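K.L.:
I would like the atomic coordinates for the input below:
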Amino acid sequence: MALGALAIPLGGCSFDLGSWGADKEKPQQVAAKPTDNISARSVSDSQGYATRGQVLAKSGKTEEALAEFDRALALDPYNVAALYGRGLIYQGEKQHEQAIADFSAANGLSPQKVEPLLSRAASYLALDKTKEAAVDLDEAVQADPNSAPAWSARGQAYERLGDKTKAAASYGRAIALRPKDEAARSGLARTGG
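P.N.:
Below is the predicted model:
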């Protein structure tokens, strides 16, 4: 099964993640290198860099966007939007190990969000780490049972694992949430649902 089918549901991922992290607590450990001084000013400046990175990424200027996300993370390694945005750029450049690291950090800082789990699962699938992807997708559908892209991707992962029952159930749920999901419809037909 081609990864391209998974890219369709992920096309809805957005760089507008301004609401992420507004109420987050700082964890004890983070994958990024923390700075010695994190002040209110550096957090504010970091958010500005992340916002500019999102705008640049949307306009296709990935090198410039990556530089803005790096600046944001140098000031505030807990900036979830910058981690997620940088992860999407890495993923687009097929640097899946780096993308997984950023999505993992974003997930650790903002648990129970579907986007980093779904994106990390896509990178796992690209690396043929289907079991890891299935674990992330199980968590994603628990975090948001109404996420059609998560259910559809979960169906793909379980289909790759040979579990037609879980795949068909996942595809069925995706179709119930998004009736015109052609990838889920064809997946359901393949798995006998």
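K.L.:
what number of residues lie near Ser123?
P.N.:
For Ser123, the neighbour count with other C-beta atoms under 10 Å is 26. C-beta coordinates here come from the backbone N, C-alpha and C atoms, glycine included.
K.L.:
make that Ala126, sorry
P.N.:
Neighbourhood size, Ala126 [other C-beta under 10 Å]: 17.
K.L.:
again, but for the one 3 residues further on
P.N.:
The local packing count at Lys129 equals 16, with neighbours defined by other C-beta under 10 Å.
K.L.:
Quick check: it vs Thr51, distance?
P.N.:
Lys129 is 32 Å from Thr51, where distance means C-beta to C-beta, to the nearest Å.
K.L.:
go on, Asp45?
P.N.:
Between Asp45 and Thr51 the distance is 11 Å, computed by C-beta to C-beta.
K.L.:
More neighbours: the two, which one.
P.N.:
A side-by-side neighbour count of Asp45 and Thr51, using other C-beta under 10 Å, places Thr51 first with 19 against 16.
K.L.:
so what's that one scoring on pLDDT?
P.N.:
Here, the pLDDT recorded for Thr51 equals 94.
K.L.:
What does it show for phi and psi?
P.N.:
Dihedral pair for Thr51: phi -60, psi -40, per degrees, to the nearest 10.
K.L.:
Likewise for Asp181?
P.N.:
According to degrees, to the nearest 10, Asp181 has phi -70, psi 100.
K.L.:
Not counting residues beside it along the chain, what's closest to it?
P.N.:
Leaving out its chain neighbours, the residue that sits closest to Asp181 by C-beta to C-beta, 6 or more residues apart in numbering is Ala174, at 5.3 Å.
K.L.:
show me what contacts that neighbour?
P.N.:
148-149, 151-152, 155, 181, 184 (C-beta atoms under 8 Å, 6 or more residues apart in numbering).
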